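# Provided below are the primary sequence and the corresponding predicted coordinates.
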Amino acid sequence: MRILHSGTAGTLESSDVMITVERNPEKGLIIELESISEARFGNRIREVITDTLKKLQVQDVKVRVQDRSALDCTIRARLTAAVFRAAGIEKYPWEELE
Amino acid sequence: MKLRRTMLYVPGNSAAMVKDAHIYRPDTVMFDLEDSVSYREKDAARFLVYQTLRTLDYEGVETAVRINGLDTPYGRDDIEAMVRARPNIIRIPKTEKAQDVTDVETEIERVERKIGLPIGTIKLFAAIETPLGVLNAREIACSSNRLLGIALGAEDLVTSLRTSRSKDGIELHYARSQVLYAARIAGINAIDTVYSNVQDEEGFIAEVRLIKQLGFDGKSVIQPNQIKLVHRVYTPTEEEIHKALRVLAAIREAESKGSGVIALDGRMVDKPIVERARWTIELAKASGVVPEEVKL
Amino acid sequence: MKLVKNAAGREIPELFPGIGKLEPFQGAYARTPLVRREKGSRTLPRLNKIVDTLEQAILKCGLQDGMTVSFHHHFREGDYVVNMVMDIIANLGIKNLTLASSSLTSCHTPLVEHIRKGVIKRIYTSGLRGVLADEISHGLMDTPVLIHSHGGRARAIETGQLSIDVAFLGVPSCDLYGNANGFSGKSACGSLGYAIVDARHAKKVVLITDNLVDYPNTPFSIDQDLVDYIVIVDAIGDPQGIATGATRMTRDPRELLIAELASQVIVTSGYFEDGFSVQTGSGGAALAVTRFLREKMLERNVKASFALGGITSQIVKMHEEGLIKRILDVQSFDLEAVRSIGENRYHTEIDASYYANPLNKGCVVNKLNVVVLSAMEIDTEFNVNVITGSDGIIRGASGGHSDTAIGSGLSVIVAPLVRGRTPTVIDKVTTVITPGETVDVLVTDHGVAVNPRRPEVLERLKAARLPVYTIEELKKKAEKVTGIPEPLPFGKKIVALVEYRDGTIIDMIREIQP
C-alpha cells in the first residue's frame, strides 16, 4: 500500500492510542513510541505495529504512537485506520484484511 | 430461551468501553457504529469494533452491532466488516419497511457465502424509529427468519411526531403497543427505547415497570448502572416463582403418566400458562433467585 | 535522726531509714520553672508558650545536626508545615537530619533539594508520592527510606526504636498554652490521630497554628502538658488540599460494580450480623462499598457497632441515621467527617497507637470484623502491593493496610482486574506491603477469589452464587487481555526498606533505571 500523506487515527483517551503514519523519506520503518506502559509492554507494542504494517504491506514509514495503555487489538485497529487514511483509500479490501 | 432484558449501547469508537462492556452483565452488548460515531470516525470505529470482536472474549454475553443504514456510504462496509467480526446480531437502524430488512439480509448472506460462514449465522434486530416504521411494524417483524426482535427507538420518533419525551410516556403509547403487537405476532422479542436521563434513577425505574407491564422483553440502556435496575424490575416475586415451579411440576407429572392433559389444583393448564411459567423461571434463574439446576 | 530547716521554716529529717534521702522544700517557685511568678495581677494570665518565629522555636528546642524531626500528614496534599519548617532548618545550616513524617504526599517536592544538600539524610514515612517519590525511586538517597505502616510507626515511637527529638505539629486550632484540636479553624482536618503519638513521645514539641483561640481550647486532642512552644503563621495548609474531595461518591460504573460485588461478599461471608464492625480504605471502589452496605443494613435491620479508620461523609451519614453506633476516627477524609468529629458525641478521635500498634495492650484493628482495602497489585499468594506503581516507581502508601488486614476477621481487597493494560493480579507483586496470609478475599470487576486459607468463606460465597474463581484463574483472565508484562528494569541500589508492622523487614525496593 502506498502512503501518500500523513494519516492519524485514535484518541488520547485512557485505553486508546493515537497513531500517525507518514512517509519515511529514507528506507525502513521508524517507530516513535510514547507510552505509559513502555516499561512493561514497549517491546510488545513495537511488535504489534511491525506485524500489522507487514500484513498491510506498508514499508518505509514513520509511525508516531501516543499510547494511553491501549490493548493490542486497539493498536491494530487504530494503526489500520491511520494507514488507510494516509493512503487515501476508502474502498477497503476486506478479503485481504481477514 | 434467551433473555434480552437489557441491551447495553457501547459507542463503537470508545476504546475504553468497547474492551470489556460485558463485565456489567447486560443480556446483550451492542456496539454502535451509527449515531454515536461522527462521520469522520466511521472508518476508525469500524476497525476498532472489528478488531475487538475478533480478539477479546465477551464470556458468553451476547454481542450485537448497530450498523449504519444501507442508504449511507457506510452501511455496506459495516456489513462486510461485521459479518467477518461475527457478533451474534446485526441491528438495523431506522427500519421502515420489510424491504429494509431483506436488503441487509441479502448483503449479509453475500458475505457469509464469501467467507464460508453457514448462511443464517448472523442474526438480526430491527430498530423502528419513524412513524412509517411504526405503522409497518408488523411486516418488518415478519420479514426475515434471522430476525430475533424489533426495538423501538423513540428519540427521533417523538421529534417526527412533533412532541417530546414525557415522564409517563403517553406520547409513546401507540408506538409501544404497535411494536409489541408486531413482535408477538412474529414470535420475536420486543425491546423498548433508551431512557437518556441517566441521573434520574426513579424516572428510569418507573419507565421500566411500565414497559414490563406492557409486555416488553427488555430495554435498550445507555449506562451500565442502569442494567441492575432493569434486571431487578424483571426479577419475579417469590409468589410468581412458586406458582411457576408448581406448573412445571404438573407438566412433569403429566409427562410421566403419559397424559396429554396437564392439570393443577383441578384446573387445566393450557399452553400460555406453561410458557409464562417457563419465562418466569428463566427470569428467576438469570436473577439468581432460583438455583440453575431447576429443570424446565 | 538529723533534722534540717527548710524554706518554709519547718524542721524535717534529712534522711529516713528505709525511705532514703529527703529533699527539703526550697520555696514555692524554686523547682517549677513554668509557674507564673507575678502574683497579684488581675489581668488574665499572660503566661504562654508562643514564640515569634519558627526559627526561634527551632533554636530553643536545641535542634542539632543528626537529630530526628517529625511531622504528621493530616493536611494531606494541602500541607504547608513540612516544607515551611524544613526550609527554615536548612537556612539555619542544620544538616544530616532524619525526617520522620507519618506520611508524605506530592506537595513535598521541595524536600528533594534538602536531600540533595544534605539537610535530610534519612526518611521514615508511610508513603511517598509525586516528584519526591520519583526522585527517590531513581536513587536520590544513599540510605534507604524506611516505609512503615501506621501501626508500625506508633510501635516504633512507643518502644523508642524511633526516637523523635523535635515534633513539628501543625494544628488547626490552638490556645496560647498548647491545647490543640483539629476540627475547628480554616485549616480544619478533623482527627489529629497521627500527631498525638508524636506529641506524647517527642523530646520537644512545637505546635504550629494559623488559628489562635481563647484558653482553654476544649475539647483538645493535644494536651497543653505535652507542648513546649507554639508558633503562629499565616496558614498551615490549603483547605482545598486538606479535604481533597477524593471521597465523593464515585459514579464510575466499574468502581460501582466492584463495590456492589464487595458488599455482596461481605453480606454472605458470615461476618455481616448485628453489631459487626467495619472499615473502608481509600479509593473509589472501597469507599463506595459503604453505600451498598447501607442498603443491605437497612434491608436486613443490621446495625454496626462501630466504624473505624479514615472516616468519610458516608460513614457520618450512617452514624447520624443510627446504622453505625460509634465512630473511631484516626483520620478524617472529608469536611463532613471534620464537622462530625466536632459535633457528634460518639464520633471519637483515636490516636495511631490505639488504632493499630501491634505491641500495645490492645489496638482497635484487632476488634475489626470487616475491612475493605484497595490494591495496586495482588499476586497468586494474595500478597498485596500498595506502594510501587506498574513502572516500579514509588507512588503510594503503606498506611493502615497491613494493620487492618491482619486485625480484621475478613479482609477484602477491591481492585479492577486490569488498569489500562496493566494486570492487577500477577504472579509476584513488585513490593509486598501486606502478606498474603492476612488477606482473605479479592473482589475485581471480573469476579471474586478467596484465599484457600478461608475455605468456609469460599463455601458461603459459592452457595450465594457469587462469581467465584481461583486467583490463578483471575490472573490468567487478566493476562489474556493484556499479554504478559516484561520485567521492570530495576538497578542494584536499594532505595527503600519496607517494615512490617512488627518492626521486621518484609521487602525492599530497588532503584528503577531510566
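Nice, I can see it.

# all contacts plus neighbour counts: C-alpha atoms, from now on.
Will do.

# Identify the residue spatially nearest to the residue nearest to the spatial centre of chain A, adjacent ones excluded.
Nearest to the mean C-alpha position of chain A, counting by Cα atoms, centre = their mean, stands A:L79 at 3.0 Å. Leaving out its chain neighbours, the residue that sits closest to A:L79 by Cα to Cα, 6 or more residues apart in numbering or on different chains is A:I19, at 6.1 Å.

# Who is the one you found paired with across the strands?
On the basis of DSSP bridges, A:I19 is bridged to A:A9, A:V65.

# My guess is it contacts A:R64. True?
Yes - contact criterion Cα atoms under 8 Å: A:I19 and A:R64 qualify, at 5.6 Å.

# Those two: which has the busier surroundings?
More neighbours surround A:I19 than the other of A:I19 and A:R64, with 25 against 18 (other Cα atoms under 10 Å in any protein chain shown).

# Please report how far that one lies from chain C.
17 Å (Cα to the nearest Cα, to the nearest Å).

# what's near enough to touch that residue?
A:I19 makes contact with A:T8, A:A9, A:G10, A:V63, A:R64, A:V65, A:Q66, A:R78, A:L79, A:A82, according to Cα atoms under 8 Å, 6 or more residues apart in numbering or on different chains.

# Can you tell me the SS state at the fourth one?
Local secondary structure at A:V63 is given as strand here, using DSSP: H, G, I helix; E, B strand; the rest coil.

# residues contacting it?
By Cα under 8 Å, 6+ apart, the contact set of A:V63 is A:I19, A:T20, A:V21, A:E22, A:L29, A:I30, A:I31, A:E32.

# Give me the nearest residue to the second one, chain neighbours excluded.
Leaving aside its sequence neighbours, A:T20 sits nearest to A:T8 (Cα to Cα, 6+ apart; 4.2 Å).

# what's the burial count for C:G170?
C:G170, neighbours per other Cα under 10 Å, totals 33.

# how close does it sit to chain A?
Distance of C:G170 to chain A, computed by Cα to the nearest Cα: 37 Å.

# Show me the beta-bridge partners of that residue.
Assessed by DSSP bridges, C:G170 has beta-bridge partners C:I208.

# Check whether it really touches C:V81, as I assumed.
Yes - the pair C:G170 / C:V81 is scored as a contact, 6.2 Å apart, by Cα under 8 Å.

# Overlap of the contact sets of the two?
Taking Cα under 8 Å, 6+ apart as the criterion, C:G170 and C:V81 both touch C:I208, C:I236.

# Can you check the pLDDT for the residue of the stretch 51-200 of chain B found nearest chain C?
Residue nearest to chain C within the stretch 51-200 of chain B (Cα to the nearest Cα): B:L56, separated by 7.0 Å. Per-residue confidence (pLDDT) for B:L56: 94.

# One more: B:I205?
B:I205 is given a pLDDT of 97.

# quick one: it is in a helix?
Yes - assigned with three-state DSSP, B:I205 falls within a helix.

# Run a quick neighbour tally on the residue nearest to it when sequence neighbours are not counted.
Among residues not flanking B:I205 along the chain, B:L229 sits closest, at 6.7 Å (Cα to Cα, 6+ apart). The tally of other residues near B:L229 (other Cα under 10 Å) stands at 16.

# if I've got this straight, B:L229 is in a helix?
Yes - B:L229 forms part of a helix when assessed by three-state DSSP.

# Hmm, B:E207 and it touching each other?
No - B:L229 lies out of contact with B:E207 (Cα under 8 Å); the separation is 11.0 Å.

# Can you show me the strands along the stretch 101-250 of chain B?
Secondary structure of the stretch 101-250 of chain B (DSSP state E, counting those that start in this stretch): strands located at B:123-128, B:147-152, B:189-192, B:218-221.

# mean confidence score for the first one?
Spelled out, it's strand B:123-128. Mean pLDDT, strand B:123-128: 98.

# what do you get for the third one?
Summarised as a single mean, pLDDT over strand B:189-192 is 98.

# Relative to the whole chain's centre, how far out is that strand?
Here strand B:189-192 is found 6 Å from its chain centre; the criterion is Cα atoms, centre = their mean, to the nearest Å.

# by contact count, what packs against that strand?
Here strand B:189-192 touches strand B:147-152, helix B:173-186, strand B:218-221, going by 3 or more Cα pairs under 8 Å, 6 or more residues apart in numbering or on different chains; DSSP states H and E.

# The last one too?
If contacts are counted by 3+ Cα pairs under 8 Å, 6+ apart, strand B:218-221 sits against strand B:6-11, strand B:189-192, helix B:201-214, helix B:225-233.

# Would you indicate which residues of the longest one are buried?
Taking 16 or more other Cα atoms under 10 Å in any protein chain shown as the basis for neighbour counts, the residues of helix B:201-214 that come out buried are B:F204, B:I205, B:E207, B:V208, B:I211, B:K212.

# Against which helices or strands is that helix packed?
strand B:218-221, helix B:225-233.

# so what strands line up beside the shortest one?
Sheet neighbours of strand B:218-221, with direction, are listed as strand B:6-11 (parallel), strand B:189-192 (parallel) (DSSP bridges).

# Can you lay out those as a markdown table showing mean neighbour count and distance to C:L128?
Listed next are those as a markdown table, based on neighbours: other Cα atoms under 10 Å in any protein chain shown; distance: least, Cα to Cα, whole Å:
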| stretch | mean neighbour count | distance to C:L128 |
| --- | --- | --- |
| strand B:6-11 | 26 | 38 |
| strand B:189-192 | 28 | 51 |
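
# C:T218 is nearest to which of those strands?
Judged by Cα to Cα, the one of these that comes nearest to C:T218 is strand B:6-11, at 56.1 Å.

# Dump that closest one to CSV, keeping only the CA atoms.
Written as CSV, here are the backbone C-alpha positions of strand B:6-11 (Å, rounded to 0.1, in the frame of the first residue of the first chain):
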residue,chain,number,x,y,z
THR,B,6,-31.0,-5.3,28.7
MET,B,7,-29.1,-4.3,25.5
LEU,B,8,-26.3,-2.0,26.5
TYR,B,9,-25.2,0.6,23.9
VAL,B,10,-21.5,1.0,23.7
PRO,B,11,-20.1,3.8,21.5
